[in-house]
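**Q** Need the 3D shape of this:
(4 chains)
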There are 2 protein chains.
Amino acid sequence: MARALGVSATTVSRALKDHYSIGKSTIRKVKKKAAEMGYEPNAIASSLRKKKTNAIGVIVSHINRPFISSLISGIEAVCSRYGYNVIITQSLDSYKKEREDVKTMFNSRVDGLIVSLAAETDRYEHFDPFIKNNYPLVFADRVSFEIDTDKVLVDNFDAAYMATNHLIGQGYRRIGHLAGVQQRHMYQKRLEGYLTALRDHRMPVDENVIHYSKLSYEDGINGAETLLNRDLRPDAIFASNDTSAIGFMQYAEECGYSIPDEIGVVGFNNDPVSSIIRPQLTTIDHPAVEIGKKAAEIVLDKVSGKSQTQIPQTISFKTKLLIRNSSVKGSPRGGSNAS
Amino acid sequence: MARALGVSATTVSRALKDHYSIGKSTIRKVKKKAAEMGYEPNAIASSLRKKKTNAIGVIVSHINRPFISSLISGIEAVCSRYGYNVIITQSLDSYKKEREDVKTMFNSRVDGLIVSLAAETDRYEHFDPFIKNNYPLVFADRVSFEIDTDKVLVDNFDAAYMATNHLIGQGYRRIGHLAGVQQRHMYQKRLEGYLTALRDHRMPVDENVIHYSKLSYEDGINGAETLLNRDLRPDAIFASNDTSAIGFMQYAEECGYSIPDEIGVVGFNNDPVSSIIRPQLTTIDHPAVEIGKKAAEIVLDKVSGKSQTQIPQTISFKTKLLIRNSSVKGSPRGGSNAS
DNA sequence: TTGTACGCGTTATCAA
DNA sequence: TTGATAACGCGTACAA
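**A** Below is the predicted model of the structure:
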């Protein structure tokens, strides 16, 4: 290494970091030589010595989902700005894989961990290494309240309430719901928000217009098939994500129902497709990138000791209702980019 | 550490790895103790000693794009299976950021690097640390032939040829093209494939029906606005991605043109939206996950020394043309999931 | 302003 | 079958 320059390792180390105690001329000399021979300090050795890897771990269910990839993008943006690497694994919604991933992350000695929980996960001991060693651990979006960590999510109850409220305001009278897996807190809250909005308007709650599923496109179609054949079919639907909302909408149209005049539809997430589809889908704007950024900021604040509080906090983002054509009677079917 | 067990560090290290030279009973004893005290070996120290991090770096333009996130997903799937971590950064299409990212990756001593080039990048010296040290370096999808590395991509020429050929076969006679930035090899090839198909059928090539842009949704709209107002407007369009194809298609419909009867449309990528939009978009199936997997396999083969050849190889995936309703005259507008 | 010595937690090597 | 030792490359404390 650069000791072939006639100077000690200490000096090289310090010179490259512009340490105050090193002479200007030496710094120049060392940097020049380093550039010449393409020397770059070994971050691994530095990590070992400093007990700090400058890496943040991220565990998500599936990387290639619009929401998740945006979440990651936000995390990477912040981490990269502060000189941190991002190490990613996908649990594929498997509890077992998530367990392994947490262990890998711990063995890699990441300085902090951000997790969006696997669908299957309903126990949390595998996070113990982080909890017990007091390593920063933040849950993002898919969180659980059965474990005491920092959490960043959206106000799902409020969003669902807004969405349902909007449909009521538009004059729809039998509003159905495509609900997600109730094991996940977020889908519980969306159901609750929906139910509460109905009750607040003294509208009857009918389990017959609620359809539970994993909210895939096909689930949306199935939901439509099921609910639209009820004796008392819904005249509007609030879906817990855009994907299923669109499945529902397209099936309903194929059955000859007119959207939004006969059936109103509201989704959740503001996936790119929601503003491209016709009619454009009314939905909830879900600030995925912002959630990622916030989660990263919390982790980095703790890593750098900036964060004052030790007690875990829950950050809940307010969402916005994006009113488009699928839920406003008399809207044109195609046309102007309203959002 | 577990030497509080009355045994040497060497033995612990070996026992946890089921080394053949360690007695069964000792192995059991050590593992039990390790589990008890939550001991996990420090991967950083191991990396330093072994000069191997078990980490693969990935540099992409934007994480939150359907194609890219699928690419990453494929990479992660393979790496994770073989016990490798994946470190990700996004260049945001900036040459400068990509430069920094490469340096970070090198400093992190990743065992290999997978890159999908930034749009801006037109020089390649920043990859020298990897090239000169003979570290595995693979370009995926957005590659350059100005630098000699392994490459994994799709046969863009062939795909474009197929797409154009299909439109010709459907009876369209003035086929336009939404072309991408010609600096990138992939968009050059798509243009070439398009041109060659026309020539092979003795159809005239008219620069007036070719529109160059960055292929955003708005670019698709602009392209439609421009081309459809030409004296000799195109009666079909082959777009270099789905996003712009859909912008084009929707603008054309708003102008009163019927798709596919008056204007045929073919996109590229098979983004999820392409099969949801009505009419469903004929497009090129782009095996993003497969490309990611292949790129990861190449890197890992080199890392483990399995790979025989030293000379860089180029893997070119064949694509499939997915014929849907947007390019087949007489197709129903909505309806059945043909893909 | 610069250098020496040591240790971070592993693992390869050699010895027992 | 197990252990002692050194080394990976850096950063810190202390000495010069």
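**Q** May I have the helix or strand containing residue A:104 as PDB, with CA atoms only?
**A** Using DSSP states H and E, residue A:104 sits in helix A:95-107. C-alpha atoms of helix A:95-107 as PDB (Å, rounded to 0.1, in the frame of the first residue of the first chain):
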ATOM      1  CA  TYR A  95     -42.000 -15.500   7.700                       C
ATOM      2  CA  LYS A  96     -39.200 -18.000   7.400                       C
ATOM      3  CA  LYS A  97     -37.300 -15.900   4.900                       C
ATOM      4  CA  GLU A  98     -37.800 -12.800   6.900                       C
ATOM      5  CA  ARG A  99     -36.300 -14.600   9.900                       C
ATOM      6  CA  GLU A 100     -33.200 -15.500   7.900                       C
ATOM      7  CA  ASP A 101     -33.000 -12.000   6.500                       C
ATOM      8  CA  VAL A 102     -33.000 -10.400   9.900                       C
ATOM      9  CA  LYS A 103     -30.200 -12.700  10.900                       C
ATOM     10  CA  THR A 104     -28.200 -11.900   7.800                       C
ATOM     11  CA  MET A 105     -28.600  -8.200   8.500                       C
ATOM     12  CA  PHE A 106     -27.500  -8.600  12.000                       C
ATOM     13  CA  ASN A 107     -24.400 -10.700  11.000                       C
END
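**Q** Run me through the strand neighbours of the very next helix or strand once past that helix, direction for each.
**A** Using DSSP H and E, the helix or strand that follows helix A:95-107 towards the C-terminus is strand A:112-115. With DSSP bridges as the test, strand A:112-115 is paired with strand A:55-60 (parallel), strand A:137-140 (parallel).
**Q** May I see the buried residues of strand A:112-115?
**A** Within strand A:112-115, the residues scored as buried using 16 or more other C-beta atoms under 10 Å in any protein chain shown are A:112, A:113, A:114, A:115. Quick note: C-beta positions are derived from backbone N, CA and C, even for glycine.
**Q** Assumed residue A:321 was part of a strand.
**A** Yes. Assigned with DSSP: H, G, I helix; E, B strand; the rest coil, residue A:321 falls within a strand.
**Q** thinking again about what came up before, got the strands paired with strand A:112-115 as JSON lines, with mean pLDDT and mean neighbour count columns?
**A** As requested, the strands paired with strand A:112-115 are exported to JSON lines (pLDDT from 0 to 100; neighbours: other C-beta atoms under 10 Å in any protein chain shown):
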{"stretch": "strand A:55-60", "mean pLDDT": "98", "mean neighbour count": "27"}
{"stretch": "strand A:137-140", "mean pLDDT": "98", "mean neighbour count": "26"}
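**Q** right, so of these, which gets closest to residue B:302?
**A** strand A:55-60 (23.4 Å; C-beta to C-beta).
**Q** May I have the closest one as PDB, with CA atoms only?
**A** Presented in PDB, the C-alpha positions along strand A:55-60 are these (Å, rounded to 0.1, in the frame of the first residue of the first chain):
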ATOM      1  CA  ALA A  55     -24.900   0.400   6.000                       C
ATOM      2  CA  ILE A  56     -28.600   0.300   6.600                       C
ATOM      3  CA  GLY A  57     -30.600  -2.900   6.000                       C
ATOM      4  CA  VAL A  58     -33.900  -3.000   4.300                       C
ATOM      5  CA  ILE A  59     -36.300  -6.000   4.400                       C
ATOM      6  CA  VAL A  60     -39.400  -5.800   2.200                       C
END
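**Q** Determine the next helix or strand in the C-terminal direction from that strand.
**A** Downstream of strand A:55-60, the next assigned helix or strand under DSSP H and E is helix A:66-81.
**Q** Partner strands of whichever helix or strand comes after that following helix, with direction?
**A** Later in the chain than helix A:66-81, the nearest helix or strand by DSSP H and E is strand A:85-90. Paired neighbours of strand A:85-90 in the sheet (DSSP bridges): strand A:55-60 (parallel), strand B:85-90 (antiparallel).
**Q** Next, the angle helix B:66-81 makes with the last one.
**A** Here strand B:85-90 runs at an angle of 160 degrees relative to helix B:66-81 (axes from the mean of the first three to the mean of the last three C-alpha atoms, to 10 degrees).
**Q** what does the first one give?
**A** For strand A:55-60 and helix B:66-81, the angle between their directions (the same axes, to 10 degrees) works out to 110 degrees.
**Q** So what touches strand A:55-60?
**A** Strand A:55-60 is touched from outside by A:68, A:71-72, A:75, A:79, A:84-91, A:98, A:101-102, A:105, A:108-116, A:296, A:299-300, B:87, B:108, with contacts defined as C-beta atoms under 8 Å, 6 or more residues apart in numbering or on different chains.
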